[in-house]
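Asker: The sequence isn't on hand, but the structure is:
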């Protein structure tokens, strides 16, 4: 595993700019079964800042096919709140890529899974991923409402079934994210940092950064992303946890950063990522909340304040699988009694008389209910 990272500065992906960098990386065996894993967490185009640019994926496929590789596929499992990965493939422009390059699209939501042990923690991983010989991890550089950032390591959460994604949240997210990376090995990591979102994982507030980060060590890539977005390694625990499991190195002082193209200082984040989610931590009691549900709440609260000003004093929310049983609401934190605290999602139905239904509810549904409750 190389301690070298490449940063390609570009406003749009092109094979000409990527070819010399990809040629420097360890090449897969000619008969390898190659799987490209983008980030298609939601059905939104890459211009939203949420998903991997299909043109970047197309460049990688062109490079591989020019080099004689034929067994190439794209595999993804969108988040729990997305009705199907096929919908995301269509909206994000991947169906066209599939037709043009004769590359199949695999919906990991429909795949079988198998339990694999990682240092005593059993994790279900999709069989399609376990069968691949060479994984090309293509995440988006962006923020996340629970883990602060999402990049290479967290992108592999799309390689597990939805039931396991829910369990990851019950386990606290960080340890299982590190563990799945000790099971699923990265061949190449190609980070789409052209347009990301420094506020929300599901996009909507995009920012241009005009860079592509390329490496073979997912821990090193994420360590670079952490400092790029203004955080410290201690702020994103799964990075060091993955390093402790032997997935890679988080020591940037020993890394060689090779830059390509013309750097535009105005497009390099100089301040920490917009920490919108942290503004609301004091009024949200979250217990094993899934990312899709939690992200919907954060976006709805942010939109509410944009439209109506600050939330009324004393407003509190409960969210997460930990509220499924009656009695869990006896210790709901926040202002007021459990009856005065608003529940988000079907998990809170038994403990919060006033709750938004859905698993997960959309941000629009939460916003509409907020406007009704708080008007």
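Answerer: Thanks, I have the structure now. Keep in mind it's a predicted model, so treat the numbers as computed, not measured.
Asker: Give me the residue ranges of the chain where confidence is low.
Answerer: In the predicted model, the chain carries pLDDT under 70 at residues 1, 79-83, 264-274, 292, 326-339.
Asker: domains of it?
Answerer: Segmentation of the chain into domains, based on automatic domain parsing, reads 4-267, 280-374.
Asker: Quick one: distance of the first one to the chain centre.
Answerer: Centroid separation between domain 4-267 and its chain, computed with CA atoms, centre = their mean, to the nearest Å, is 8 Å.
Asker: In JSON lines: the domains of the chain, plus mean neighbour count.
Answerer: All C-beta atoms are positioned from the backbone trio N, CA, C, and that covers glycine. Shown next, in JSON lines, are the domains of the chain (neighbours: other CB atoms under 10 Å):
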{"stretch": "domain 4-267", "mean neighbour count": "20"}
{"stretch": "domain 280-374", "mean neighbour count": "19"}
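Asker: how about the strands in the stretch 51-200 of the chain?
Answerer: All strands of the stretch 51-200 of the chain, identified by DSSP state E, counting those that start in this stretch, fall at 72-76, 105-107, 113-118, 121-126, 134-138, 140-144, 148-150, 188-197.
Asker: Make a markdown table out of those and add distance to residue 66.
Answerer: Listed next are the strands of the stretch 51-200 of the chain as a markdown table, based on distance: least, CB to CB, whole Å:
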| stretch | distance to residue 66 |
| --- | --- |
| strand 72-76 | 12 |
| strand 105-107 | 21 |
| strand 113-118 | 34 |
| strand 121-126 | 29 |
| strand 134-138 | 15 |
| strand 140-144 | 25 |
| strand 148-150 | 31 |
| strand 188-197 | 16 |
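Asker: nearest to residue 216, of those strands?
Answerer: strand 188-197 (6.2 Å; CB to CB).
Asker: Mind checking what helix or strand follows the closest one in sequence?
Answerer: For strand 188-197, the following helix or strand on the C-terminal side (DSSP states H and E) is strand 206-215.
Asker: Quick check: neighbours of that next one in the sheet, parallel or antiparallel?
Answerer: Partners of strand 206-215 in the sheet, by DSSP bridges, are strand 4-9 (antiparallel), strand 188-197 (antiparallel).
Asker: Hey, what's the angle from it to strand 134-138? Just curious.
Answerer: Relative orientation of strand 206-215 and strand 134-138, computed by axes from the mean of the first three to the mean of the last three CA atoms, to 10 degrees: 150 degrees.
Asker: Residue 343 belongs to a strand, doesn't it?
Answerer: Yes: counting by DSSP: H, G, I helix; E, B strand; the rest coil, residue 343 is part of a strand.
Asker: Now for it: which residues touch it?
Answerer: 317, 318, 319, 323, 349, 351, 352, 354, 355, 356 (CB atoms under 8 Å, 6 or more residues apart in numbering).
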